[in-house]
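K.L.:
for reference, the sequence and a predicted model appear below.
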Amino acid sequence: MQLLLGMNGHQVTTVRHGGVALDHLARHRADLLVTDLMTPEVGGLELIRQIRETPGLADIPIVAVSPCGQRNLAAAVAMGANEGISKPLDFDRRLKAVSRLIASA
């Protein structure tokens, strides 16, 4: 995903888990967050919840990714993700979603 987005002109920063993402976002504003729902320590759903409750971060568009089916993605959207994409990844769909969400931010 990092390579695909980078090759299409996006600057990408990756972090290991949701706790690091929150710390990073507090210091470096992002145009978009792509999070896997199955991350260690702070999971994707918790990360989405915390971002949506944090002033200054709440408006960042979020794409949630999950290998566990539509139920988890529906929960992510209900929690505040703008879009949910299941694995295995359809890179074309994911790139279109990223571009659309960044353009609308």
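P.N.:
Thanks, I have it.
K.L.:
isn't His24 up against Thr14?
P.N.:
No: look at His24 against Thr14 with CB atoms under 8 Å: they stay out of range, at 9.7 Å. C-beta here means a position set from N, CA and C on the backbone, and glycine is covered the same way.
K.L.:
who does the residue nearest the centre of the chain form a beta bridge with?
P.N.:
Nearest to the mean C-alpha position of the chain, counting by CA atoms, centre = their mean, stands Val34 at 2.2 Å. As for beta bridges, Val34 partners with Val63 under DSSP bridges.
K.L.:
one step back: neighbour count winner among His24 and Thr14?
P.N.:
His24 (14 against 10; other CB atoms under 10 Å).
K.L.:
name the element that one belongs to?
P.N.:
Using DSSP states H and E, His24 sits in helix 18-27.
K.L.:
who touches that helix?
P.N.:
13, 15, 33, 35, 39, 41-44, 46-47, 50-51, 54, 57, 60 (CB atoms under 8 Å, 6 or more residues apart in numbering).
K.L.:
now swap in stretch 55-67 and tell me
P.N.:
For stretch 55-67, using CB under 8 Å, 6+ apart, the contacting residues are 25-26, 29-38, 44, 48, 51-52, 72-73, 76-77, 80-89, 94, 97-98, 101-102, 104-105.
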